[in-house]
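Chemist: give me a model of this one.
(2 chains)
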Amino acid sequence: MPGTDYGPVTLWAIIVVAGVATYALRLSFIALFGRLDDVPEGVERALRFVPAAVLAALVAPDLVYVEGSMSLPPANPRLLAAAVAAAVAWRTEDIAATLAAGMVALWALFFVIP
Amino acid sequence: MVAGVAAVGAGIPPIEALAMSVVIFAGASQLAAAELIGRNAPAVVVVFTVFVINLRMVMYSASIAPYFARQSAKWKGFLSYLLTDQAYAVSLLKFERNGDVSRRWYYLGIAVPLWVVWQIATVAGIALGSGVPDGWHLDFAVPLVFLAVLIPAVTDRATVAAAVVGGTVAIVANGLPYNLGLITAAVVGIATGLLVEEVA
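Modeler: Here you go, the predicted structure:
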């Protein structure tokens, strides 16, 4: 991964603004309870899909792009290792087990496909 | 720990990397931010990406709010800071089943250890950071963590559609200027989920 060109001022600004925004999201309804009892129904329905859509969007490019260009198995075994990890996640719903399975699968595949 | 390694790998200095972990304190969004910062994405895109990833906290906040209704404003402020996927999931289950438990202390009993372990692990990751050989492919740990959280979030046809479309759009939109691919994919994925739910 290439290093960032950002200086400390920009980095701190990002950290503080992102931190305050995240805190506001956490505090929102806990602080407002009594004044605004429920999330509007439309918002609640949309929020239900945030984890699935966002996490999939985070994972997918990391599996098929290597240093900016598309690379698929067998040259890039990440997709296969991720399939193994996904199966483990499905069965166990455990982050540590998923992480271990995916890493071991990747190492094994790199060992098999030099 | 992965968040610490990822932050240092992106070229973020140790102090700022730890500050991210304390100030933002939300793993998936920290990983995404580190990746974008490493690619020199515009600061606005980094912040907005963190915001979108953490939108789910609103859901947790709303659902746990009735149980914290009688806490003072100061306590509400503190309890909110510690709100995470795990603290929420474990506490809510307990609150729903058992009305007698002291909610504040039960929640703190879950949330504070999570916070401490998370910060120690981040420091370990930062210390380890640049020392990990490339041959270990430790960068692969980042998508694996996302995957581990993603799979349990996919529970029905509509969430499957949101995930599949979100992932596909992210791959196609990877080259978008200003690294806007993730946000675009998230919005299209959420819209797809809503649409599928509407039709089904």
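Chemist: next SSE after the helix or strand where B:Ala19 lies?
Modeler: Here B:Ala19 sits within helix B:14-23, counting by DSSP states H and E. Next helix or strand after helix B:14-23 toward the C-terminus (DSSP H and E): helix B:27-38.
Chemist: buried residues in that following helix, which are they?
Modeler: Judged by neighbour count (16 or more other Cβ atoms under 10 Å in any protein chain shown), helix B:27-38 contains these buried residues: B:Gly27, B:Ala28, B:Ser29, B:Gln30, B:Leu31, B:Ala32, B:Ala33, B:Ala34, B:Glu35, B:Leu36, B:Ile37, B:Gly38. Backbone N, C-alpha and C define where each C-beta goes, glycine included.
Chemist: one step back: packing partners of the helix holding B:Ala19?
Modeler: helix A:8-32, helix B:2-9, helix B:27-38, helix B:103-128 (3 or more Cβ pairs under 8 Å, 6 or more residues apart in numbering or on different chains; DSSP states H and E).
Chemist: at 6 Å instead, please
Modeler: Where contact means 3 or more Cβ pairs under 6 Å, 6 or more residues apart in numbering or on different chains; DSSP states H and E, helix B:14-23 is packed against helix A:8-32, helix B:103-128.
Chemist: and for it, what's in contact with it?
Modeler: With contact meaning Cβ atoms under 6 Å, 6 or more residues apart in numbering or on different chains, helix B:14-23 is reached by A:Leu11, A:Ile15, A:Gly19, B:Ala7, B:Val8, B:Gln30, B:Thr122, B:Ile126.
Chemist: pull out the buried positions in that helix.
Modeler: B:Glu16, B:Ala17, B:Leu18, B:Ala19, B:Met20, B:Ser21, B:Val23.
Chemist: and what of stretch A:28-44?
Modeler: Neighbour count says stretch A:28-44 has A:Ser28, A:Phe29, A:Ile30, A:Ala31, A:Phe33, A:Val39 buried, by 16+ other Cβ under 10 Å.
Chemist: how about stretch B:104-116?
Modeler: Applying 16+ other Cβ under 10 Å to stretch B:104-116 flags B:Arg104, B:Tyr106, B:Tyr107, B:Leu108, B:Ile110, B:Ala111, B:Leu114, B:Trp115 as buried.
Chemist: which ones are touching the last one?
Modeler: Same thing as B:Trp115. Each residue near B:Trp115 by Cβ under 6 Å, 6+ apart is listed here: B:Leu82.
Chemist: at 10 Å what do you get?
Modeler: Residues in contact with B:Trp115 (Cβ atoms under 10 Å, 6 or more residues apart in numbering or on different chains) are B:Ser21, B:Val22, B:Phe25, B:Tyr81, B:Leu82, B:Thr84, B:Ala87, B:Leu108.
Chemist: centre of the chain to stretch A:72-83, how far?
Modeler: The chain centre lies 18 Å from the centre of stretch A:72-83; the measure is Cα atoms, centre = their mean, to the nearest Å.
Chemist: span of that stretch from start to end?
Modeler: Separation of the first and last residues of stretch A:72-83 by Cα to Cα, to the nearest Å is 13 Å.
Chemist: contacting residues around that stretch?
Modeler: Against stretch A:72-83 from outside (Cβ under 10 Å, 6+ apart): A:59-60, A:62-66, A:70-71, A:89, A:98, A:101-110, A:112-113, B:137, B:139-140, B:143-144, B:146-147.
Chemist: buried ones in that stretch, by neighbour count?
Modeler: Residues A:Asn76, A:Pro77, A:Arg78, A:Leu80, A:Ala81, A:Ala82 are the ones in stretch A:72-83 that count as buried (16+ other Cβ under 10 Å).
Chemist: one more: stretch B:179-186?
Modeler: Quick answer for stretch B:179-186 (16+ other Cβ under 10 Å): B:Asn179, B:Gly181, B:Leu182, B:Ile183, B:Thr184, B:Ala185, B:Ala186.
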